[in-house]
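Novice: Mind looking at a prediction? Sequence and model below.
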Amino acid sequence: VSFVFANGSQEDSGKAPVLRVATMPLTAGVPVQYAADHGFFEEEGLNVQIDYYATGAPINEAIAAKEADIACSGFASVYSLANADCIWLADINTTGGMGIYARPDSVYANAPETNGVKGSKEIVKGAKILEPLGTVAQYMTEGYAELFGLTNTEITQVNMEWAPAYQAFITGQGDLTAANPPYSYKLDSEGYVRVGSFEDICGVQMVDGCFGRRSVVESRTEEVTKFVKCLVKAMDALQAEEVRYEYMKEFYALNGSTFSDYDVRMEIKDRAFVGTDYMSKPEYKIGEAWVAITDFLVRAEKITEKNAPNVAASINNEIISKATGLNISK
């Protein structure tokens with residue numbers, strides 16, 4: 001039996017050395033907690049402690065400080081991978097539903113559209129965009145500027161977590177906001193205009209996923225493989241829409257996230273868990289999006305050219321292959 005405390009930790013049973021897992025009360029965290037709540041870790045003899053963080057940036061800090069062994073996180077994971085101290089173990093979910101939003105009466109909402117994205121160099125230059133820096137929002141925002149021949153210095157990025165950015169934007173602050181579910185769904189339903197989706201802006205399908213500290217993966221390979229096995233088992237169980245719907249409603253409520261029934265249904269529509277069936281597709285490659293993302297971050301001077309090769313080198317297909325019994329490529 002597992003317990004969710006205010007800080008999101010699973011109770012330490014003391015039966016085995018603790019495997020500390022850092023995640024978020026968002027899509028990537030759902031199968032982790034599902035595996036805990038349904039005894040999957042216990043069945044494998046694992047003693048997993050789950051700690052929740054607001055975004056991926058503090059998760060990276062926990063990994064760097066050796067306060068976490070494994071992370072289930074999103075875009076910010078790339079910075080840990082670039083440091084050469086971590087190994088990418090599994091994709092968890094696709095990340096649909098994100099976008100950049102404008103007020104309906106603004107010049108941005110009424111700008112010309114190219115390949116599904118509204119804007120122009122003259123219009124977007126100088127825009128103030130509300131977003132949590134160090135997350136996929138920053139990648140999306142700077143990709144938006146780049147589409148129109150602008151650099152990140154030609155727009156203003158205001159650092160706010162997802163919820164405060166949404167609240168600030170609907171009260172009139174900023175020109176645009178980069179939004180993630182459930183806030184993107186709220187903006188859709190409230191009549192704000194999505195000037196571009198993540199996929200149209202960035203030209204890549206992002207995934208959230210699981211990575212571990214290299215020293216932990218190499219010294220505790222069997223435990224890490226069992227953890228990944230449990231993660232996949234949970235993702236397979238969550239393929240059933242009603243199972244996922246009921247569990248996610250409870251998960252978000254317990255962790256204080258304001259997801260309505262509509263938000264949960266939309267997330268299920270927009271975000272697929274990368275279970276056994278998904279990984280069985282002939283074209284599937286683990287961590288495929290990271291190469292394109294790394295190239296962008298080098299151009300944006302967020303990752304150095306020296307560190308860039310560490311990202312591709314960190315992607316490990318052996319553990320996920322062993323955990324699933326599939327021959328997964330990278």
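Specialist: Great, that's in hand.
Novice: which element follows the lengthiest strand in the chain toward the C-terminus?
Specialist: If you go by DSSP state E, the chain has its longest strand at strand 86-94. Remark: after strand 86-94, the chain's next helix or strand is strand 99-102, criterion DSSP states H and E.
Novice: hmm, who's touching the next helix or strand after that next one?
Specialist: On the C-terminal side of strand 99-102, the closest following helix or strand by DSSP H and E is strand 113-114. Applying C-beta atoms under 8 Å, 6 or more residues apart in numbering, the contact partners of strand 113-114 are Leu147. Bear in mind the C-beta positions are built from the backbone N, C-alpha and C, glycine included.
Novice: who does strand 113-114 pair up with?
Specialist: Partners of strand 113-114 in the sheet, by DSSP bridges, are strand 117-118 (antiparallel).
Novice: For this protein, give the helix that spans the most residues.
Specialist: helix 221-237 (DSSP state H).
Novice: Give the next helix or strand downstream of that one.
Specialist: That would be, after helix 221-237 and using DSSP H and E, helix 241-254.
Novice: can you list contacts of the helix or strand of the chain with the lowest mean pLDDT?
Specialist: In the chain, the helix or strand scored least confidently by mean pLDDT, DSSP states H and E is helix 289-299, which has a mean of 85. For helix 289-299, contacts defined as C-beta under 8 Å, 6+ apart pick out 75, 78, 81-82, 88, 139, 142-143, 146, 202-207, 303-305, 308, 311-312, 315.
Novice: Apply 10 Å and report the result again.
Specialist: With C-beta atoms under 10 Å, 6 or more residues apart in numbering as the test, helix 289-299 has contacts from 75, 77-79, 81-82, 88, 91, 94-95, 136, 138-139, 142-143, 146, 151, 202-207, 209, 285, 287, 302-312, 314-315, 330.
Novice: Tell me which residues touch the residue nearest to Val232 when sequence neighbours are not counted, please.
Specialist: Excluding the flanking residues, the one nearest Val232 by C-beta to C-beta, 6 or more residues apart in numbering is Thr324, at 5.6 Å. By C-beta under 10 Å, 6+ apart, the contact set of Thr324 is 90, 228-229, 232-233, 236, 275-276, 279-280.
Novice: Out of those, which end up buried?
Specialist: The neighbour-count test (16 or more other C-beta atoms under 10 Å) marks 90, 228-229, 232-233, 236, 275, 279 as buried among these.
Novice: Put together TSV for the residues you listed, with pLDDT and distance to Gln167 on each row.
Specialist: Shown next, in TSV, are those (pLDDT from 0 to 100; distance: C-beta to C-beta, whole Å):
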residue	pLDDT	distance to Gln167
Ala90	98	34
Val228	98	37
Lys229	98	40
Val232	98	37
Lys233	98	38
Asp236	98	37
Gly275	97	35
Met279	97	38
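Novice: from those residues, which single one is nearest Pro181?
Specialist: Of all the buried ones among the contacts of Thr324, Pro181 sits closest to Gly275, with 19.6 Å by C-beta to C-beta.
Novice: Contacts only, for that closest one.
Specialist: Contacts of Gly275 (C-beta under 10 Å, 6+ apart): 31, 92-93, 231-239, 324.
Novice: Phe40 versus that one, what's the distance?
Specialist: For Gly275, the distance to Phe40 (C-beta to C-beta, to the nearest Å) stands at 14 Å.
Novice: re earlier: just the CA coordinates of the longest strand of the chain, formatted as PDB?
Specialist: C-alpha atoms of strand 86-94 as PDB (Å, rounded to 0.1, in the frame of the first residue of the first chain):
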ATOM      1  CA  CYS A  86      22.300  11.100 -16.600                       C
ATOM      2  CA  ILE A  87      20.800   8.400 -18.800                       C
ATOM      3  CA  TRP A  88      17.400   8.600 -20.600                       C
ATOM      4  CA  LEU A  89      15.500   5.400 -19.800                       C
ATOM      5  CA  ALA A  90      12.000   5.600 -21.200                       C
ATOM      6  CA  ASP A  91       9.500   7.900 -22.900                       C
ATOM      7  CA  ILE A  92       6.300   8.300 -20.900                       C
ATOM      8  CA  ASN A  93       3.900  10.500 -22.800                       C
ATOM      9  CA  THR A  94       3.400  12.700 -25.800                       C
END
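Novice: Quick check: closest non-adjacent residue to the residue most central in space within the chain.
Specialist: In the chain, the centroid-proximal residue (C-alpha atoms, centre = their mean) is Gly74; its distance is 2.5 Å. The shortest distance from Gly74 to any residue other than its chain neighbours is 4.4 Å, reached at Asp208 (C-beta to C-beta, 6+ apart).
Novice: And the one you found, which helix or strand is it part of?
Specialist: Going by DSSP H and E, Asp208 is in strand 207-213.
Novice: if we can go back for a sec, quick one: common contacting residues for Gly275 and Phe40?
Specialist: What both Gly275 and Phe40 touch, as defined by C-beta under 10 Å, 6+ apart, is the set 31, 231-234, 237.
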